[in-house]
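>>> Give me a 3D structure for the following:
(chains A and B)
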Amino acid sequence: MVSSRKGKSQGEGEIAVRMDAISKRFGEIVANDGINLTVYRGEVHALVGENGAGKTTLMNILYGLVKPDAGTITVDDMRLPVERGFLGTDYGLGMIHQHFMLVKRFTVLENIILGFEPSRGGFLDLRAAVRKVEDIMQRYGIEVPLDRRVEELSVGEEQRVEILKALYRNSRIIIMDEPTAVLTPQEIKKLFETIRMLVDSSHTIIFITHKLEEVMEIADRVTVLRRGRVVRTRRIDEVDPEELAIMMVGKKIEAPRRSKHAVSMESLLSLHDVSLRSSRDIVLLSSIDFEVRKGEIFGICGVEGNGQDELFDVAIGLQKPSSGRILFRGKDITHLSTAKRRALGIAYIPPDRVTMGIVAGMSVKENMLLGRQREPGLSGTFFLKEDAITNLTQRLLKTFGINPPLPDAEIGTLSGGNQQKVIVARELSREPSLLIASQPARGLDIMATRLIHDSLVKHAEAGGGVLLISADLSEIVELSDRIGVMYKGRILSILERKEADEEKLGLLMLGFAQ
Amino acid sequence: MNDVTTVISISLLLATVRKAVPLIFASTGGFFSERSGVINIGLEGMMLFGAFSGAIVAFFTHNAWLGVLGAAFIGGLIGSLHAFVTIGLRANQIISGVAINLLGTGATIFLCQVFIHGERSFSLGQGDRLPSLGPFIPLTYIAFILAIGAAIFSYYTVGGLRLRAVGEHPRAADTQGIKVNRIRFMGVVASGICAGLGGAYLPMFSGSFAKNMTAGQGFIALAALIFGKWNPIGALGASLLFGFADALQETLQGRAHLPAQALQVVPYVVTMVALAGVIGRSIPPGAIGKHYEREQPEI
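This is a model prediction of the structure:
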């Protein structure tokens, strides 16, 4: 099915988008450095590259949200008024941002028509709007309940609203910025079907991603960006994934390493029939039972919002379970505070680094100290031991390759990957026996992801335990020894790694128990 | 039993409406500003400017309607000051609002002394005030029409949809070609006009201007807006509730065996209790208090 479509669009015909010598800097950072990009009509053009390669900036420039310092843009043979400023919607461009541009409290219909409202004398003509949107939904087979509020929708549905928004504005060229990042495998399949349908009706798709298998599956051509420059543009039938990966990171990366090592039967952390109810008596966790052993990486996968965050909170002591017991090395820690659990040898990487992992306005050094501020080596009776803290920080910055290696830099100015490395460095340097890591590589590029995965593996190989909670299935499959699948606050099933594949896990994640 | 019937009477209900009118104007004003994303803690000062300018124009021109117009104009002018400072100069919205309140207190006293030869209050002649239309002065009816009109505007017009959108998720609106800061500017100016009208009601109803005559009603209007879940009809209901509390304490003065000061506290206590009960259930506009700028280094 894929190949038949590919055959059709191989004639490199009319040019839909042409960007010439686009440059843009933000202060010191050069985001785009003389980028040339040509996209043909009716193709799926993948734009790949590491975080910070300049993909999103380039697309924001194309859509008119960011004004380039230099360069020209032509869409459908029309020169866009780049200097004066423009908006893509006026030139048949639609953009689906990575963070959806939807007003949560508005209905689906209100979101779709916003800015292009059918009206009579200033009053909204909702009936005309419904007619037009329903017509589009029928034509492209995209179904979303129009009168529901966006806050009640699933992520996949929200994305469909964004696609409808673009189609409602008669966009012929649709930019999708990492559209699969938040979707389940089944939702991704559905998105790809929609993309194929759009291309068949002569739409052009520009698809930003850093997942190479997706590029191979859906794209006709691919442009690789690295550090603000175009590495190459290639037809997809002329490249293989390995070659793409090398182009993206600029050097060869090895396949994920997971050497065999002994998992002992000794239990580190165990949860016994743990349940959690909200203040309004909604069941958040229900009879959770599993253990993490020494030398093991135990993975928890599931669609986000099925209790993973609550499981994390309960495990580190931010929430007390309504019932059940939690043991750490045989000791009951159910009622211990987070600080006491940390003192026993539990460390954690929180799911949201900005709100839970770091204090953005403080220095790297101060962030390294978080949770360790009472350690005798680092603080005296009244005052912190500045020199010791600086030394420790410098050592960790070097070991983890954190950039810039400046202990006094404000951590909020670092890239997401480097912020995450600071957190990992801080937690692992305490030499904990158990590491609880939630979404440790979310939104990070290949190199940072690799470093963090290596750290987890190393920790397990040295006899520690890891509880890895992640929505990224390939991360779970690559790293875990055993895998628990969460669905609606339960662990539906625990699988050995060798019996788990992404398809099977995907079905379990949607609640289909075998 | 008898006591209750004499307290709860037609006159109490009429007094409730009269007390609520300035709150309805100002909370509707708050709606326009806050729903667009700009906090307007300066309602109190804008009302005070409206009260003074309404009274002084009517005093000198002997035309009450010119006074009302003057109050609306000055209110709008102060609104555009708040808009310029917070949107144009990107200053903190709370601080700008507090500054407007302080300015309102000082400037109205100063101007009053300039125009009325050292006095801090003055009375309006019968001809300088609005005539009654039925039980109320015309501004009362205008207040209700304004609140209902704001609700219709908000939920049934293109402008209303866009106003709410820029207050909830300005970037989403911007990516669809909506001029976020222009709409916010208009919202804040509308807010000032409404608050100015609410202020003008005070001297038009009582027949005199006195320093600081708003006595915190701008803040109570803000509370009414929150209690009413940032919705004009909700704010109208909340204004009536607070108006009732005020009317009740006035009716009870001299009847209940309580000091007058204790009774005067009632409306403020009701405000606090109402707010405490609704906190958490009233969700503010998503982008309230946040500046909007398009270009961010997002790579």
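
>>> contacting residues for the residue in the stretch 1-150 of chain B positioned nearest to chain A?
Relative to chain A, the nearest point of the stretch 1-150 of chain B is residue B:35 (11.1 Å; C-beta to the nearest C-beta). No exception for glycine: its C-beta is placed from N, CA and C like everyone else's. For residue B:35, the contact set (C-beta atoms under 8 Å, 6 or more residues apart in numbering or on different chains) comprises B:154, B:163-164, B:167, B:187, B:230, B:285.

>>> Residue B:148 - that's part of a helix, no?
Yes - Residue B:148: assigned to a helix according to DSSP: H, G, I helix; E, B strand; the rest coil.

>>> What distance do you get for it to residue A:393?
To residue A:393, residue B:148 is 62 Å away according to C-beta to C-beta, to the nearest Å.

>>> Burial check on the residue in the stretch 101-250 of chain B that chain A sits nearest to, number of neighbours?
Residue nearest to chain A within the stretch 101-250 of chain B (C-beta to the nearest C-beta): residue B:176, separated by 3.0 Å. Applying other C-beta atoms under 10 Å in any protein chain shown, we find 20 residues neighbouring residue B:176.

>>> pLDDT score for it?
pLDDT recorded at residue B:176 is 93.

>>> hang on, the earlier thing: who has more neighbours, residue B:148 and residue A:393?
Neighbours per residue, other C-beta under 10 Å: of residue B:148 and residue A:393, the larger number sits with residue A:393, 26 against 14.

>>> one step back: apart from its chain neighbours, what residue comes closest to the residue of the stretch 101-250 of chain B closest to chain A?
Ranked by C-beta to C-beta, 6 or more residues apart in numbering or on different chains and with sequence neighbours excluded, the top spatial neighbour of residue B:176 is residue A:115, at 3.0 Å.

>>> Would you confirm that residue B:32 contacts residue B:185?
No - Residue B:32 lies out of contact with residue B:185 (C-beta atoms under 8 Å); the separation is 11.1 Å.

>>> Have a look at these two and say which one is more surrounded.
residue B:32 (28 against 21).

>>> Wasn't the more buried one part of a strand?
No - counting by three-state DSSP, residue B:32 falls outside a strand, being helix.

>>> which residues touch the closest residue to it other than its chain neighbours?
Take residue B:32 and drop its neighbours on the chain: the residue closest to it by C-beta to C-beta, 6+ apart is residue B:190, 4.1 Å away. Shown in contact with residue B:190 (C-beta under 8 Å, 6+ apart): B:29, B:32-33, B:76, B:79.

>>> Sticking with residue B:190, tell me its helix or strand.
Using DSSP states H and E, residue B:190 sits in helix B:180-206.

>>> From residue B:99, how far out is the residue of the stretch 101-250 of chain B closest to chain A?
34 Å.

>>> Then residue A:60?
Residue A:60 is 36 Å from residue B:99, by C-beta to C-beta.

>>> for residue A:449, same thing?
49 Å.

>>> Neighbour count: these two, which is higher?
Neighbours were counted for residue A:449 and for residue B:99 using other C-beta under 10 Å; residue A:449 has more, 22 against 18.

>>> and after the helix or strand where the more buried one lies, which helix or strand comes next?
Assigned by DSSP H and E, residue A:449 falls within helix A:446-461. Sequence-wise, the next helix or strand downstream of helix A:446-461 (DSSP H and E) is strand A:465-469.

>>> what mean pLDDT does the very next helix or strand once past that following strand have?
As assigned by DSSP H and E, the chain's next helix or strand after strand A:465-469 is helix A:473-479. The average of the pLDDT scores along helix A:473-479 is 85.

>>> Now do the contacts for the closest residue to residue A:299 other than its chain neighbours.
Closest residue to residue A:299 apart from its sequence neighbours, by C-beta to C-beta, 6+ apart: residue A:480 at 3.1 Å. Taking C-beta under 8 Å, 6+ apart, we find residue A:480 in contact with A:297-299, A:468, A:497.

>>> ok, residue A:480 to chain B distance?
32 Å (C-beta to the nearest C-beta, to the nearest Å).

>>> swap in residue A:78?
17 Å.

>>> State the phi and psi torsions of that residue.
Here is the backbone geometry of residue A:78 (degrees, to the nearest 10): phi -110, psi 130.

>>> next one: residue B:89
Torsion angles, degrees, to the nearest 10, at residue B:89: phi -100, psi 0.

>>> quick one: which helix or strand includes the residue nearest in space to the middle of chain A?
Geometric centre of chain A, nearest residue: residue A:443, 4.0 Å, by C-alpha atoms, centre = their mean. Residue A:443 belongs to no helix or strand when assigned by DSSP H and E.

>>> Just give me the neighbour total for the residue lying closest to it once chain neighbours are set aside.
The shortest distance from residue A:443 to any non-neighbouring residue, by C-beta to C-beta, 6+ apart, is to residue A:416 (5.7 Å). Residues near residue A:416, counting by other C-beta under 10 Å, number 16.

>>> ok, now the one 10 residues further on?
Here the neighbour count serves as a burial measure; for residue A:426 (other C-beta under 10 Å) it reads 24.

>>> which SSE is it in?
helix A:416-429.

>>> Now the element after that helix, going C-ward?
As assigned by DSSP H and E, the chain's next helix or strand after helix A:416-429 is strand A:434-438.

>>> Could you spell out the sheet neighbours of that following strand, each with its direction?
strand A:346-349 (parallel), strand A:465-469 (parallel) (DSSP bridges).

>>> now the longest one: mean pLDDT?
In other words, strand A:465-469. On average, strand A:465-469 scores 95.

>>> What of stretch B:286-299?
Rounded mean pLDDT across stretch B:286-299 is 74.

>>> ok, now stretch B:129-142?
93.

>>> Quick one: residues in contact with it.
For stretch B:129-142, using C-beta under 8 Å, 6+ apart, the contacting residues are B:14, B:17-18, B:21, B:58, B:64-65, B:68, B:197, B:200-201, B:204-205, B:207.

>>> Endpoints of that stretch, how far apart?
Terminal residues of stretch B:129-142 lie 16 Å apart, using C-alpha to C-alpha, to the nearest Å.

>>> which of the residues in that stretch are buried?
Within stretch B:129-142, the residues scored as buried using 16 or more other C-beta atoms under 10 Å in any protein chain shown are B:129-130, B:136-140, B:142.

>>> Same question for stretch A:57-76.
A:57-66, A:68, A:71, A:73, A:75-76.

>>> now it, how far from the chain's geometric center?
25 Å (C-alpha atoms, centre = their mean, to the nearest Å).

>>> Then stretch A:15-24?
Using C-alpha atoms, centre = their mean, the offset of stretch A:15-24 from its chain centre is 27 Å.

>>> if we can go back for a sec, sort out for me which of the contacts of residue B:35 are in strands.
Using DSSP state E, no member of these falls within strands.

>>> Buried subset of the residues you listed, written for ChimeraX?
Filtering the contacts of residue B:35 down to the buried ones (16+ other C-beta under 10 Å) takes a single ChimeraX command:
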select /B:154,163,164,167,187,230,285
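
>>> from the contacts of residue B:35, which ones fall inside helices?
B:154, B:163-164, B:167, B:187 (DSSP state H).
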